[in-house]
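*Asks:* A predicted structure for the sequence below; I have some questions about it.
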Amino acid sequence: MSNFPAKNITLPSLQVENLSLFYNKKPAFKGINMPIQGGKITALIGPSGCGKSSFLSCINRLVDMIPNTKTEGNIRLDGLLISGKKIDAIDLRRRIGTIFQKPNPFPFSIYKNLAFPLREHGIKDKNRIEYLIEKNLKNVGLWTEIKDRLNQSALSLSGGQKQRLCIARALILEPEVLLFDEPCSALDPISSGVVEDLIASLRDKYTVVIVTHNLAQAKRIGDYGALFWTENNIGTLAEFGTIDQIFNYPQSDITSAYIEGIRG
């Protein structure tokens, strides 16, 4: 039985409260507090190794699959504690979709890439499956490009098409939150622009958190920004605020130096 109440008609917020993550008792990051607004895009920036991707893996509980890890603190989805051990991770990952740095379509047909998660979550009606596949391929701008190739291997697609397919695969389960871990970094500039525009179009439809090393991208699509940093090889949150504040009126000297390209 699901731990989750019925979906709210409003988009959910995430509240991160004093969150810390440890690998083999060594802290990856400590003491993260962050209010992630519903229906907005929050961009996580900062140098490599400061805990941004690990932070995402705490939100969708993928960190639970890594041996010898421990978290402290709380994460709440619209007030519901999702960092507690009693939460069903399968239910959680239906509400929180994840798109990774490298496009990772399953090694079978385009059609089956999208039908598989639906069937895994109990949707068996063929007409319903076909409707949802067409709808979500249209939502990511892929339908006209591949509608005659649905039975071909997803691995035959270009890099940008693969990433948009992965986004469609996340959207098809009707999540409320989407996590993007550097979704454009493995793509050429043209494909990157297409995927970036797609992510920007998700504003107001989903609660979006994106990790990006591209400061210009964060400035273009973000509503809020969070600068992660390291102190003594431990990830910290240097500053959180609106994108306008982060880029134009930073409150931290670290943020100011990083944005200006002096550090990081």
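*Replies:* Looks like it arrived, so ask away. Everything numeric in this text was worked out from a predicted model, so none of it was measured. Numbering: from 1, shown residues only.

*Asks:* so where's the chain uncertain?
*Replies:* Filtered on pLDDT under 70, the chain yields the residue ranges 1-10, 262-264.

*Asks:* quick one: the strands in the stretch 51-200 of the chain?
*Replies:* Shown for the stretch 51-200 of the chain, the strands assigned by DSSP state E, counting those that start in this stretch span residues 69-77, 80-81, 96-99, 177-181.

*Asks:* now the ones you listed in JSON lines, with mean neighbour count?
*Replies:* Glycine gets a C-beta too; all of them are placed from N, C-alpha and C. Shown next, in JSON lines, are the strands of the stretch 51-200 of the chain (neighbours: other Cβ atoms under 10 Å):
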{"stretch": "strand 69-77", "mean neighbour count": "17"}
{"stretch": "strand 80-81", "mean neighbour count": "14"}
{"stretch": "strand 96-99", "mean neighbour count": "22"}
{"stretch": "strand 177-181", "mean neighbour count": "23"}
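
*Asks:* Can you add distance to L137 and give those strands back as a markdown table?
*Replies:* Formatted as a markdown table, these follow (distance: least, Cβ to Cβ, whole Å):
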| stretch | distance to L137 |
| --- | --- |
| strand 69-77 | 28 |
| strand 80-81 | 31 |
| strand 96-99 | 15 |
| strand 177-181 | 17 |
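
*Asks:* Which of those strands sits closest to S252?
*Replies:* Comparison of these against S252 by Cβ to Cβ identifies strand 69-77 as nearest, at 21.4 Å.

*Asks:* Just want the angle from that closest one to strand 177-181.
*Replies:* Angle, strand 69-77 to strand 177-181, by axes from the mean of the first three to the mean of the last three Cα atoms, to 10 degrees: 140 degrees.

*Asks:* Quick check: can you name the pairing partners of strand 69-77 and their directions?
*Replies:* strand 14-23 (antiparallel), strand 80-81 (antiparallel) (DSSP bridges).

*Asks:* deepest of these, which one?
*Replies:* strand 14-23 (a mean of 18; mean count of other Cβ atoms under 10 Å).

*Asks:* Now the element after that strand, going C-ward?
*Replies:* Counting by DSSP states H and E, the element after strand 14-23 in chain order, helix or strand, is strand 26-36.

*Asks:* can you list contacts of that next one?
*Replies:* For strand 26-36, the external contacting residues (Cβ atoms under 8 Å, 6 or more residues apart in numbering) are 13-22, 42, 50-51, 54-55, 73, 207, 209, 224, 226, 228, 234-237, 240.

*Asks:* To which secondary structure element is G241 assigned?
*Replies:* Counting by DSSP H and E, G241 is found in strand 234-242.

*Asks:* Packing partners of that strand?
*Replies:* Here strand 234-242 touches strand 26-36, helix 52-59, strand 224-231, helix 253-259, going by 3 or more Cβ pairs under 8 Å, 6 or more residues apart in numbering; DSSP states H and E.

*Asks:* Dump these to JSON lines, plus mean neighbour count and distance to A216.
*Replies:* Output for the helices and strands packed on strand 234-242, formatted as JSON lines (neighbours: other Cβ atoms under 10 Å; distance: least, Cβ to Cβ, whole Å):
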{"stretch": "strand 26-36", "mean neighbour count": "17", "distance to A216": "22"}
{"stretch": "helix 52-59", "mean neighbour count": "22", "distance to A216": "17"}
{"stretch": "strand 224-231", "mean neighbour count": "22", "distance to A216": "13"}
{"stretch": "helix 253-259", "mean neighbour count": "18", "distance to A216": "11"}
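
*Asks:* Go through the ones you listed and name the closest to E130.
*Replies:* Closest among these, using Cβ to Cβ: helix 52-59, at 31.6 Å.

*Asks:* Can you show me the CA trace of stretch 209-221 as CSV?
*Replies:* Coordinates of each C-alpha in stretch 209-221 appear next as CSV, following Å, rounded to 0.1, in the frame of the first residue of the first chain:
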residue,chain,number,x,y,z
VAL,A,209,15.9,20.9,-9.5
ILE,A,210,18.8,20.9,-12.0
VAL,A,211,22.5,20.4,-11.4
THR,A,212,24.5,22.4,-13.9
HIS,A,213,28.1,23.5,-14.3
ASN,A,214,27.0,26.0,-17.0
LEU,A,215,26.5,29.3,-15.2
ALA,A,216,24.9,30.9,-18.2
GLN,A,217,22.4,28.0,-18.4
ALA,A,218,21.6,28.4,-14.7
LYS,A,219,21.0,32.1,-15.2
ARG,A,220,18.8,31.5,-18.2
ILE,A,221,16.4,28.9,-16.9
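
*Asks:* Much appreciated, bye for now.
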